[in-house]
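S.K.: Sequence and predicted structure are below.
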Amino acid sequence: MKTSSTLPGPAGSAEISTHSLRSDAGVIGLVGLAHMISHFSQLLLAPLFPWLKDAFDVSYAELGFLMTIFFAVSCAVQALSGFAVDRFGPRPLLFGGLALLGVAALGYSVSTSYWMLAGFAAVGGVGNGVFHPVDYTLLNRKVSAHRLGHAYSVHGITGSLGWALAPALVVSLTLAYSWRVALAAAAALAFAVLAVLLLNRGKLAMAAPAPAHHAHAAGGGLDFLRIPAVWMCFTFFFWYAVVLSVVQAFAPEAARQLHGVPLPLVAMCLSVYMVCSAGGMVLGGFMAADPSRCERLVGAGIGVAAAVALLLALGNLAPWMVPVLFGVMGFATGIAGPSRDLLVKRSTPDNASGRVYGVVYAGLDIGQAVSPLVFGLMMDHGQYRGVLLGLALVQGVLIASAFNVRRVRRAPLAVA
């Protein structure tokens, strides 16, 4: 059963719909499952760099460039796919994105040259680029307003679990069999999730896009780009991606060099961070029930994470404390996750969610493409303390960006 009413409210929330718990849970679960595969696919190659380096006789810089290709293509596609979502609806793009991620993983597994890997990295980037415009359009349009905080929480949790699953699966299968078997298994998982979504495609159906004569309500065409809050959200997600990239790629090794952490404990740091981040998102989903405090929640969560980064950089720590601090940093960042997504929703005009999310979340891909170039150079020069201080600095910039979104957010749209 579904009831809906039209009430004045923040941009992008004029229509407040109430759906059954079962309906909402179905949409949230399916979107979360797809989002998990998106994040899973982002970390397929990086854990296998030691094996791929030997197999293709390439440098780590060349292998890192594969990730730059993936995220650069994803960025371009993400910005464009938002328009396609608003024009054709999210469901076809979701299915296409999952299919391309499966093709990319399968392509990796059969690659016989570095340039084949690069080509399939581009294919993977195309597939990955559709997810944020698709996911948030589905959640915002098909989930009850009072459950959106929980929906964003689940969305973030499944992404973190995808990041955690990828290295665990591919490294284990590589050690047991080979890296080709591991990547083929990853492709099978992507296609299995696609099959689940196809079987449940009715739950993801949406009404046809609004007719053109209602386009003014959405700030039609490219008019949404004039909204200052959209660009502040883009900036916020750029810095957020820089933070995430540093944590995923460099912070554990920097901490190892500074505090003499044994390799087994270093390997735990990222997994502990991701698992604790998922736990923080559960709590953050309840705390985000009041959208008016989302900037304060982001500021508090990222502020704690920045304090932890400073402690890692400047403290005299026992090795066992390092994974614990990564867990604290992950939990605090996770709490901020659902409120982070509400920042965008509260800045989104009606019927333009695909376009806005496409542009805003392109900042994620740009940040993840640029960050390794800067912080990787610092690592190459042994600036381990500088990497962690830089992480804290960027987290401070992230807090300022969140409050700038609120400062420039346009007034709520009037509803006829």
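M.R.: Done, it's in.
S.K.: starting at the chain centroid, how far to whichever strand or helix holds Ala192?
M.R.: Taking DSSP states H and E as the criterion, Ala192 maps to helix 179-199. Remark: helix 179-199 is offset 20 Å from the chain centroid, using Cα atoms, centre = their mean, to the nearest Å.
S.K.: I'd like to know which elements that helix is packed against.
M.R.: On a contact count with 3 or more Cβ pairs under 8 Å, 6 or more residues apart in numbering; DSSP states H and E, helix 179-199 meets helix 21-42, helix 49-56, helix 90-110, helix 148-176. From N, CA and C alone the C-beta is placed, and that goes for glycine too.
S.K.: and Gly125, which of those helices is closest to it?
M.R.: With distances scored as Cβ to Cβ, the stretch of these nearest to Gly125 is helix 90-110 (8.3 Å).
S.K.: one step back: would you mark the buried spots in the helix holding Ala192?
M.R.: With burial defined by 16 or more other Cβ atoms under 10 Å, the residues of helix 179-199 counted as buried are 179-180, 182-187, 189-191, 193-194, 197.
S.K.: what does stretch 295-305 give?
M.R.: Applying 16+ other Cβ under 10 Å to stretch 295-305 flags Glu295, Leu297, Val298, Gly299, Ala300, Gly301, Ile302, Gly303, Val304, Ala305 as buried.
S.K.: In this model Gly334 seems to touch the last one, though I could be wrong.
M.R.: No: if you go by Cβ atoms under 8 Å, Ala305 and Gly334 don't touch, sitting 9.6 Å apart.
S.K.: mind giving me the domain ranges of this structure?
M.R.: In terms of domains, the chain is parsed into 20-205, 224-409 (source: automatic domain parsing).
S.K.: which stretch in the ones you listed has the least confidence?
M.R.: The minimum mean pLDDT among these belongs to domain 224-409 (a mean of 83).
S.K.: re earlier: using TSV, please lay out the helices and strands packed on helix 179-199 together with distance to Pro262 and mean neighbour count.
M.R.: Below are the helices and strands packed on helix 179-199 laid out as TSV (distance: least, Cβ to Cβ, whole Å; neighbours: other Cβ atoms under 10 Å):
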stretch	distance to Pro262	mean neighbour count
helix 21-42	28	21
helix 49-56	18	16
helix 90-110	31	22
helix 148-176	18	21
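S.K.: Out of those, the one nearest Pro133 is which?
M.R.: Closest among the helices and strands packed on helix 179-199, once you apply Cβ to Cβ, is helix 90-110, at 7.3 Å.
S.K.: list the helices and strands that closest one packs on?
M.R.: When contacts are defined as 3+ Cβ pairs under 8 Å, 6+ apart, helix 90-110 packs onto helix 21-42, helix 60-88, helix 114-128, helix 131-142, helix 179-199.
S.K.: go with 10 Å
M.R.: Packing partners of helix 90-110 (3 or more Cβ pairs under 10 Å, 6 or more residues apart in numbering; DSSP states H and E): helix 21-42, helix 60-88, helix 114-128, helix 131-142, helix 179-199, helix 353-380.
S.K.: can you tell which of those is closest to Leu325?
M.R.: helix 353-380 (18.7 Å).
S.K.: Point out the other helices and strands that that closest one packs with.
M.R.: Using 3+ Cβ pairs under 10 Å, 6+ apart: helix 353-380 touches helix 60-88, helix 90-110, helix 114-128, helix 131-142, helix 228-249, helix 251-259, helix 321-345, helix 384-408.
S.K.: run the last query once more with 8 Å
M.R.: helix 60-88, helix 131-142, helix 228-249, helix 321-345, helix 384-408.
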